[in-house]
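Colleague: Sequence and computational prediction follow.
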Amino acid sequence: MIHTPYVIDASVYVARSRRSEPGFADSVALLQRIDMEQWQVYLPSIALPEVAGNIARTTGKLSFARHVLIILLQPYVEIIDVDVTMGQFAANLAMQHRIRGCDAVYVALAQMRNAVLITLDQEQRQRVPPGVTARTPAEELGFLQSLNN
């Protein structure tokens, strides 16, 4: 079965990295499934500083932040540069749908790559344009389960 690719928001990687984060267990479970199946993941290049910066800032542990980045950079994960074309597309989405700047980059990438956006950011999920599917890790796990039934 060919699986729809994913764009995964930094919020999911951060949640997977700390037990105290809301969505920790579901983020761990979904990312383990993606890893096991090696489903295609697209990440905008901004995900790297977003994840590393958040982990380093909140834990004070640079080595842990580096470790999280290494885990994030798997062969099935393609890092996509945020160039002028994507920036303009994201800016238009941000204006039209009132999405925060970096959040709009993830939405733009999901739309450009016909991928499912996985995020824990409720506002981002609710403001995606028609044609973009956005789910939480828990929702995606439920969706995947429904495919098996």
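Modeller: That came in fine, so what should we check first?

Colleague: For this protein, which segments are assigned as helices?
Modeller: 10-17, 24-37, 47-59, 62-72, 84-97, 101-112, 122-126, 137-148 (DSSP state H).

Colleague: Other residues contacting the second one?
Modeller: It stands for helix 24-37. Here helix 24-37 makes contact (Cβ atoms under 8 Å, 6 or more residues apart in numbering) with 3, 6, 8, 12-13, 15-16, 18, 21, 41, 74, 76, 118, 120, 136-138, 140-141, 144. Glycine gets a C-beta too; all of them are placed from N, C-alpha and C.

Colleague: Can you go through the residues you listed and name the buried ones?
Modeller: Buried members of the contacts of helix 24-37, scored by 16 or more other Cβ atoms under 10 Å, are 6, 8, 12-13, 15-16, 21, 41, 118, 120, 136-137, 140-141.

Colleague: okay, who's weakest in those residues by pLDDT?
Modeller: Lowest pLDDT among the buried ones among the contacts of helix 24-37: Glu21, with 84.

Colleague: thought Tyr42 was touching Tyr6?
Modeller: Yes. With contact defined as Cβ atoms under 8 Å, Tyr42 reaches Tyr6; the gap is 7.2 Å.

Colleague: List the residues that are in contact with both of the two.
Modeller: Common neighbours of Tyr42 and Tyr6 (Cβ under 8 Å, 6+ apart) are Ala115.

Colleague: which other helices and strands contact the lowest-mean-pLDDT helix or strand in the chain?
Modeller: Sorting the helices and strands of the chain by mean pLDDT, DSSP states H and E puts helix 62-72 at the bottom, at a mean of 89. In terms of contacts (3 or more Cβ pairs under 8 Å, 6 or more residues apart in numbering; DSSP states H and E), helix 62-72 is packed against helix 10-17, helix 47-59.
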